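Fold the following, please.
(one chain, ligands or ions: 2)
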Amino acid sequence: MKRLAILASGSGSNAEKIMEHFQNSEKATVGLIASNKPDAFVLERAKKFDVPGFTFTRKEMEAGDLLRKLQAKQIDWVILAGFLLKIPEDLIRAFPDRMVNIHPALLPNYGGKGMYGMKVHEAVKAAGDAQTGITIHLVNENYDEGKIIFQAATPVSPGDSPETIAEKVHALEHRYFPEVIESIIKKES
Ligand SMILES: Nc1nc2c(c(=O)[nH]1)N[C@@H](CN(C=O)c1ccc(C(=O)N[C@@H](CCC(=O)O)C(=O)O)cc1)CN2
Ligand SMILES: NCC(=O)N[C@@H]1O[C@H](COP(=O)([O-])[O-])[C@@H](O)[C@H]1O
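Numbering: from 1, shown residues only. Ligands and ions are numbered 1, 2, ... in the order given. Model prediction:
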């Protein structure tokens, strides 16, 4: 049984879909929800699924506190789902090819520092792109440059706003992220 930790900084709708997906699974279980924001709604969602929550600061993460918590919880995979801080290299090294992130665009477009949440959808709208989508990738030391595991696209209409684009992207995330996680953890076992 693989043990997953989810890192999130905000609402946690993806985290909820992942907890739902694995709640009666024999393949994996969500062992921890961790956030750098004590008031993040993702921590409320964790309570609904009886998943332990953990909050930490950037300094504590960089000091190794988060790594020690993940080790104490015997975590096998780290899932970034709307986590907004850069993961330090020592933490990445502790989970070689076992840390994944979801990005709300078709990388390499619209990635990197400053590209998160609504900022991504605003950029897609401003560019007048005919499509957008999601990218699920392994995490390396730079933002959004890890090996791409999965991508899915959705059309963008001229009448779409950043908000309606976000809705389309969230629908793709909720549809695919849990299944992609299940497929990659199976390959590793
Ligand atoms: N080492 C890595 N850490 C993280 C990655 C990664 O690929 N490698 N992915 C991000 C998630 N992400 C995009 O998918 C992302 C998140 C946040 C930012 C960003 O610019 N953050 C701001 C700080 C925002 C805040 O403090 O609220 C910044 O660094 O100035 C870019 C991309 C998670 N970590
Ligand atoms: N670059 C990172 C980034 O922008 N991540 C995005 O944050 C949102 C979190 O939503 P959620 O909290 O409802 O799951 C998701 O759309 C995710 O792709």
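
Residue 33 falls within a helix, correct?
No. Counting by DSSP: H, G, I helix; E, B strand; the rest coil, one finds residue 33 to be strand, located in no helix.

residues contacting the nearest residue to it once chain neighbours are set aside?
Leaving aside its chain neighbours, residue 33 sits nearest to residue 46 (3.9 Å; criterion: Cβ to Cβ, 6 or more residues apart in numbering). C-beta here means a position set from N, CA and C on the backbone, and glycine is covered the same way. Contact analysis of residue 46 by Cβ atoms under 8 Å, 6 or more residues apart in numbering lists 12, 15, 19, 33, 52-53.

Likewise for residue 154?
Contacts of residue 154 (Cβ under 8 Å, 6+ apart): 131-133, 168-169, 171-172.

Any residues of the protein in contact with ligand 1? List them.
Counting by Cβ under 6 Å from any ligand atom, the chain comes close to ligand 1 at 80, 83-87, 101, 103, 113-116, 139, 141, 143-144, 146.

which among those residues end up buried?
80, 83, 85, 87, 101, 103, 115-116, 139, 143-144, 146 (16 or more other Cβ atoms under 10 Å).

Considering these, which is situated nearest to residue 71?
Of all these, residue 87 has the smallest distance to residue 71: 15.2 Å, by Cβ to Cβ.

Can you tell me the number of residues neighbouring residue 111?
19 (other Cβ atoms under 10 Å).

Angles on the backbone of the spatially closest residue to it that is not a sequence neighbour, please.
Nearest in space to residue 111, with sequence neighbours left out and distances taken as Cβ to Cβ, 6+ apart, is residue 144 at 3.3 Å. Dihedral pair for residue 144: phi 60, psi 20, per degrees, to the nearest 10.

quick one: buried residues of stretch 106-122?
Under the neighbour-count criterion of 16+ other Cβ under 10 Å, stretch 106-122 has 106-107, 109-111, 115-116, 120-122 buried.

of the contacts of residue 46, closest to residue 3?
Checking these against residue 3 with Cβ to Cβ, the nearest one is residue 52 at 11.5 Å.

Looks like that closest one contacts residue 30 (just checking).
No. Using Cβ atoms under 8 Å, residue 52 is not in contact with residue 30; the gap is 9.4 Å.

Now for the residue nearest the centre of the chain: which residues touch it?
The residue lying closest to the centre of the chain (Cα atoms, centre = their mean) is residue 81, at 2.0 Å. Contact partners of residue 81, counting by Cβ under 8 Å, 6+ apart, are 6-8, 12, 14-15, 18, 42, 102, 177.
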